[in-house]
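1. Next input, structure requested:
(one chain, ligands or ions: 1)
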Amino acid sequence: MTIAFSKKLSRRNFLLASSCAIGAGSVAMMGSRYRALAASKHVFELDDLANRDVFTSCGMCVNKCGVIARVRNGVIEKLDPNPHFLKSRGMLCARGNAGLDTVYSPDRIKYPMIRTGERGDGKFRQASWEEALDLVAKNLQDLAEKYTRAGTVFVSTEGYQEHFFTTFAECYGSPNTLRHPSLCLASNIQGFGATYGTNPTPDVLNADYLIMSGANRSEALITPDSIDMLTGEGGKRKVVYLDPRFTKTAAKATEWFPIRAGSDMAFILAMTNVIVTEGLYAKQFVADMTIGFDELKTHIEQYTPEWAEAECDIPAADIRRIAREFAAAAPRAVYYQGRRSSFFDNDTQMRRAMAILNGVIGNWDQPGGMVPNSSIVLERHDYLAPWYDGVPPRLDSGSASYLSEKDGSWKYFRDRVIEGKPYPVKGMMIYKQNPLVSVANRQKTLEMMEQMEFICTIDITMNDTAYYSDVILPEATYLERLDPIESLGGILPVVTTREPCIKPMYESKPNLWIIQQLSKRLDDEIYASFDFTMEEYRHHQLRNRPDITKALKEKGVFYEKTTPTYGDTYGKRLKTKSGKIEIYSEKYAQKGLDPLPVYSRPADIPEGRYRLILGRNAYLTHGTTANNAYLHDLMPENSLWLNAGEARKRGLRNGQVVKVTSSLASEQLKLFVTEKIRPDCVFMSHGFGVITSGQRLLQGKSGSDAALIEDNVEPISGNIAMHQTFVEIHPA
Ligand code: SF4
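-> Prediction:
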């Protein structure tokens, strides 16, 4: 057994990682309500009462923007952006500002709880940590004996402490982990990875020409892209935006095309056709850095702009013009790949088409192009998972063509749990994930959970999934924890810190502590992989990097460089099999997949129905922020967007409550009648519609997309394809 690092060294010399004092700043007036709450409920110690400004990282979404927390008299009164964190350009979004409510929300899970009633009815009793941890450990032991260690699935989402949870799964011996990419980026990573060997970052700041397919960056915020997209340099920036809906990004774009949902690939292939047939591609680059261009040339002949016009409702003349403009702006031109789960079941190939188009204009590793990520390497925490005999492979093995071993496929995995094949999975450990809101086909998720003999949720606030659990363990929030040092890769890689601003309130504990306590109860060999303090862990991460240690203390972030470098990959092999950009994928051909993207038209919308499309807005991080009091004030519910002409035709009014029915469920939502959506689609925001009473602001309001959306699958990545559901609308 190897353990993390030498205790002799680390115990004595660990990084003193408390707050970093900087000059006092302005303090907002948010604190009074919190002070009252904190004083009444929270037993805090004297050193909490100090006034201080703490460098830390936002935990409200994946971007991890730098924060300065203003702590006054033991209360976090305000969160300000850390101006040294370049990636967020000195900004905290509404969610970042509203992070205070995560700490002080009345819906926080305050102590360990054990279910006393039926699953989902919300009857729990308070338990001691000792009792709750003993119960979880006993169930993990029993499940291993009855069903092998693969009989428990570990479900989580990204975060600074997720690593401990997935490491625990590995040390416990389960191959079954379901992670965030399986509900998000999986097709994107696969499509770009198959082409470039990596998923590069678009250099939005320096691009003169951006094309975005439904990547609604004005609302689904990704720093710095959301900000850079709007700023541009010298007014040269052109943004072409394709979306069935007139979003806030459409409003900011140079041109918006209400594309037919599911036809983006047709547009991309037709653009490629123009650029290739008119000889507008980067000839030298293509010759030096790509393979398969000749096959592309032949393949692309069928995809003319005139053909594409009939598919995507964008005039052929515009497609031709945009293709020419795009090629002329190259290499400072990007077809932006976006994020999110899959739109349709061809999503991986659609992302491949984007990667190929970017490839032929030669924007690879150039200013304003697609730039490979770099990162600052920290010392790794080594651990050795015990070996267990007789543990089968992942339950969803052999499902998707390119299934990620660590992330899995929610769709395939859940189906197999319900079938009970090829083996039973009867235990569920959940960390920071709420699949009853975040995974399509909620009824199936409930069915999966009903089959579980034991469910434990570790989270901060109550939610539907916690209500369906047997044991709930309260985690400390990101403003109360000391977390691992985080290295964020990108064009400008950065190292960030997360420091506790106050002590954990109530009986909440950091995830690492919870994992350590469970490990101790299970096996010494498992515990050996977690036998360290967080301070030791961080000290080890920063071994031999006094420069990072100093910068984190003085500025809360560390950058090795503040301007990007380009072209580092030129003359070197890329991480593909051929070492080049693979326009034609031999790897896909060998798996029986199309080696070049082949367009197939999405199913026609049946008469009398609409295609349901989903998206986010700037106040919601999926299902996690809808119950935040500040954000709830800004957006108390979701509504159903319906085209004004359709509403007139059907005699429906703005604000009227309608019943929205898919093949799976009916939900009630208020209508938002607007010209800003195609007549064949309706839209709703993701993240609303709860079934339990754990989130009091949301109860009885809004509709759930997870209930309505069918679990169609993208078969290459195993992602769920979110825009293939049709709905009927009737007055409620
Ligand atoms: S984008 Fe907003 S929510 Fe996300 S990390 Fe930055 S401030 Fe926080």
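2. Export only the CA atoms of stretch 206-222, formatted as PDB.
-> Output of stretch 206-222 as PDB, limited to C-alpha atoms (Å, rounded to 0.1, in the frame of the first residue of the first chain):
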ATOM      1  CA  ASN A 206      -9.100  37.200 -30.400                       C
ATOM      2  CA  ALA A 207     -11.500  35.800 -33.000                       C
ATOM      3  CA  ASP A 208     -12.800  38.100 -35.600                       C
ATOM      4  CA  TYR A 209     -15.600  35.700 -36.700                       C
ATOM      5  CA  LEU A 210     -17.600  33.500 -34.400                       C
ATOM      6  CA  ILE A 211     -20.300  31.000 -35.400                       C
ATOM      7  CA  MET A 212     -22.400  29.600 -32.500                       C
ATOM      8  CA  SER A 213     -24.900  26.700 -32.800                       C
ATOM      9  CA  GLY A 214     -27.300  27.100 -29.900                       C
ATOM     10  CA  ALA A 215     -24.400  28.000 -27.600                       C
ATOM     11  CA  ASN A 216     -26.300  30.700 -25.700                       C
ATOM     12  CA  ARG A 217     -23.300  32.300 -24.000                       C
ATOM     13  CA  SER A 218     -25.200  35.400 -22.900                       C
ATOM     14  CA  GLU A 219     -27.200  33.200 -20.600                       C
ATOM     15  CA  ALA A 220     -25.500  29.900 -20.200                       C
ATOM     16  CA  LEU A 221     -22.400  31.600 -18.800                       C
ATOM     17  CA  ILE A 222     -18.900  30.300 -19.400                       C
END
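3. So which bits of this protein are right by the ligand?
-> 58, 60-61, 63-65, 88, 92-93, 95-96, 221, 223 (Cβ under 6 Å from any ligand atom). From N, CA and C alone the C-beta is placed, and that goes for glycine too.
4. show me where pLDDT drops low in the stretch 101-250 of the chain?
-> Counting by pLDDT under 70, the low-confidence segments of the stretch 101-250 of the chain come to 232-235.
5. mind listing the helices for it?
-> 129-147, 162-172, 186-196, 225-231, 248-252 (DSSP state H, counting those that start in this stretch).
6. buried set for the fourth one?
-> Within helix 225-231, the residues that qualify as buried are 225, 226, 227, 228, 229, 230, counting by 16 or more other Cβ atoms under 10 Å.
7. Select from the residues of the chain next to the ligand every entry located in helices.
-> Judged by DSSP state H, these include 95, 96 as members of helices.
8. Turn the residues of the chain next to the ligand into a markdown table, columns for neighbour count.
-> As requested, the residues of the chain next to the ligand are arranged in a markdown table below (neighbours: other Cβ atoms under 10 Å):
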| residue | neighbour count |
| --- | --- |
| 58 | 28 |
| 60 | 25 |
| 61 | 21 |
| 63 | 22 |
| 64 | 24 |
| 65 | 26 |
| 88 | 23 |
| 92 | 21 |
| 93 | 21 |
| 95 | 24 |
| 96 | 22 |
| 221 | 24 |
| 223 | 23 |
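9. about what we covered before: just give me the closest of the buried residues of helix 225-231 to the ligand.
-> residue 226 (7.8 Å; Cβ to the nearest ligand atom).
10. how about that closest one, what does it touch?
-> Going by Cβ atoms under 8 Å, 6 or more residues apart in numbering, residue 226 touches 217, 218.
11. ok, now with 6 Å
-> For residue 226, the contact set (Cβ atoms under 6 Å, 6 or more residues apart in numbering) comprises residue 217.
12. Excluding sequence neighbours, find me the nearest residue to residue 95.
-> Excluding the flanking residues, the one nearest residue 95 by Cβ to Cβ, 6 or more residues apart in numbering is residue 60, at 4.2 Å.
13. The one you found contacts residue 93, doesn't it?
-> No - taking Cβ atoms under 6 Å as the definition, residue 60 is not a contact partner of residue 93, at 8.0 Å.
14. Now find how far off-centre stretch 583-598 is within its chain.
-> 27 Å (Cα atoms, centre = their mean, to the nearest Å).
15. Endpoints of that stretch, how far apart?
-> End-to-end distance for stretch 583-598, by Cα to Cα, to the nearest Å: 13 Å.
16. Compute the first-to-last residue distance for stretch 629-648.
-> Its first and final residues considered, stretch 629-648 spans 35 Å by Cα to Cα.
17. Now do the buried residues in it.
-> Neighbour-count burial for stretch 629-648, counted by 16+ other Cβ under 10 Å, picks out 629-632, 635, 637-643, 646-647.
18. for the closest residue to the ligand within the stretch 451-600 of the chain, helix, strand, or coil?
-> Ranking the residues of the stretch 451-600 of the chain by distance to the ligand (Cβ to the nearest ligand atom) places residue 478 first, at 9.8 Å. Assigned with DSSP: H, G, I helix; E, B strand; the rest coil, residue 478 falls in the coil class.
19. again, but for the one 3 residues further on
-> Here residue 481 is coil, with the state taken from three-state DSSP.
20. Pretty sure it sits against residue 509.
-> No - when contacts are counted by Cβ under 6 Å, residue 481 is not listed as touching residue 509 (9.2 Å).
21. who has more neighbours, these two?
-> residue 481 (24 against 21; other Cβ atoms under 10 Å).
22. and that one, how far is that from residue 548?
-> Counting by Cβ to Cβ, to the nearest Å, the gap from residue 481 to residue 548 is 20 Å.
23. just checking, what's the longest strand in the chain?
-> Longest strand of the chain, by residue count under DSSP state E: strand 666-674.
24. And the residue of the chain closest to the ligand?
-> At 2.5 Å from the ligand, residue 96 is the closest residue in the chain, using Cβ to the nearest ligand atom.
25. Tell me which residues touch that residue, please.
-> Neighbour list for residue 96: 58, 60, 65 [criterion: Cβ under 6 Å, 6+ apart].
26. Can I get those in JSON lines including distance to residue 460 and pLDDT?
-> Shown next, in JSON lines, are those (distance: Cβ to Cβ, whole Å; pLDDT from 0 to 100):
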{"residue": "58", "distance to residue 460": "14", "pLDDT": "97"}
{"residue": "60", "distance to residue 460": "11", "pLDDT": "96"}
{"residue": "65", "distance to residue 460": "19", "pLDDT": "96"}
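27. Am I right that residue 543 sits in a strand?
-> No - checked against three-state DSSP, residue 543 lies outside a strand; its state is coil.
28. Quickly find the element holding the closest residue to it other than its chain neighbours.
-> Using Cβ to Cβ, 6+ apart and skipping residues adjacent in sequence, the residue nearest residue 543 is residue 379, 4.7 Å away. Using DSSP states H and E, residue 379 sits within no helix or strand.
29. What about residue 379, how many residues nearby?
-> Using other Cβ under 10 Å: residue 379 sits among 15 other residues.
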